[in-house]
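In: Provided below for reference: sequence and predicted model.
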Amino acid sequence: MRARRSLFVSLVTTLVVCTSLVSSLAADAATRRFRHYVALGDSYTAGPLIPLQRLDPLGCFRSTSDYPAQLAVRLRAGSFTDVSCSGADTTNMTAPQNVLFGPNPPQLDALRPDTDLVTLGIGGNDYGVFGRIIGTCPGLRASDPTGNPCQQHFTVDGVDTIKAAISRTQGNITQVLALIHRRAPRAKVLAIGYPRIAPPTGTCPDILPFADGDYAWLNSVEEALNAAVAGAVATDRRASYVDTFTPSLGHDACATGGEAWINGKDVLPWAAPYHPLFTGMAGMARIIQASLTHSRTELS
């Protein structure tokens, strides 16, 4: 009887070890298969002021610790090219971007026929959406602290002009995706959404100085922007959308105790105002890696 129990325990132990080994190998395969990874995008990809900043060119404010750099390490990518640039919009995928000590070449020029992974984080700067919001909303809080003066400012004849601009952005991203497939036909292409800036409830005006009623509007703008990215992916039918908005719940600019992924209004030596912190870049890298692992599992 003892011999049978011992044999049974040994078989169970072996099975557990084998299962763990298979899982480990599967996960390892998911993190080792990419030979040439190219990252395209704007400041939410580049990571302005996050140490250490690259100099190629300096005006792109591209960090060596942005989510593409962290993802490349996680994936053990054979080679990695990051051409993201702060201030980029969809036109800078095919045209140079004039920046300090630039220009930054057209980002799609980094693609090669053997590129097998592309991440694209773009859209927030099209039609000046992000810049107009950040440049306008904080200054309007004092006029109506508990209201929604920024939403009212951008609403003309009953039309939300910010969301109207975002609706046009979807077509721009769709065109970019088509060009990526043309230049890198074998690549796995991921369109990355934007993480949450404001909390769904509550406010933190000392950090995020929007009027109380504009917090909900800011969330709705981000949701519209992410819907445009996801809509472009749905139209494209070859790329995949990676949602960073949902999993960044609790990591908005108002989060405390080191949980914030997004910086508030202050210029910090390690993050630009209203942009990701290192923790945000790390969180996005984890989310993207998880999406790749999930996708790999579904295919196997």
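Out: Now that the structure is in, tell me what you want to look at. Numbering: from 1, shown residues only.
In: Quick check: residue 206 is in a strand.
Out: No: judged by DSSP: H, G, I helix; E, B strand; the rest coil, residue 206 forms no part of a strand; its state is coil.
In: wait, what's in contact with it?
Out: Residues near residue 206 by Cβ atoms under 8 Å, 6 or more residues apart in numbering: residue 264. From N, CA and C alone the C-beta is placed, and that goes for glycine too.
In: quick one, helices of the protein?
Out: 2-32, 43-46, 67-75, 129-140, 149-153, 161-183, 214-236, 278-299 (DSSP state H).
In: Now do the phi/psi pair for residue 187.
Out: Dihedral pair for residue 187: phi -80, psi 140, per degrees, to the nearest 10.
In: Tell me how many other residues surround residue 290.
Out: 13 (other Cβ atoms under 10 Å).
In: okay if I get the helices of the chain as a markdown table plus distance to residue 199 and mean pLDDT?
Out: Output for the helices of the chain, formatted as a markdown table (distance: least, Cβ to Cβ, whole Å; pLDDT from 0 to 100):
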| stretch | distance to residue 199 | mean pLDDT |
| --- | --- | --- |
| helix 2-32 | 33 | 40 |
| helix 43-46 | 18 | 98 |
| helix 67-75 | 22 | 98 |
| helix 129-140 | 16 | 98 |
| helix 149-153 | 17 | 98 |
| helix 161-183 | 20 | 98 |
| helix 214-236 | 7 | 98 |
| helix 278-299 | 15 | 86 |
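In: Go through these and pick out the most buried.
Out: Highest mean neighbour count among these (mean count of other Cβ atoms under 10 Å): helix 43-46, with a mean of 28.
In: Need the contact partners of that one.
Out: With Cβ under 8 Å, 6+ apart as the criterion, helix 43-46 contacts 39, 60-63, 66-68, 82, 84-88, 119, 121-122, 124-125, 192, 194-195, 272, 275-276.
In: Could you rerun that using 6 Å?
Out: Residues from elsewhere that reach helix 43-46 (Cβ atoms under 6 Å, 6 or more residues apart in numbering): 60, 61, 62, 66, 84, 85, 86, 121, 194, 275.
In: who's in contact with the closest residue to the fourth one other than its chain neighbours?
Out: Read it as residue 66. Distance criterion Cβ to Cβ, 6 or more residues apart in numbering; nearest residue to residue 66, sequence neighbours excluded, is residue 47 at 3.6 Å. Residue 47 makes contact with 63, 66, 281, according to Cβ under 6 Å, 6+ apart.
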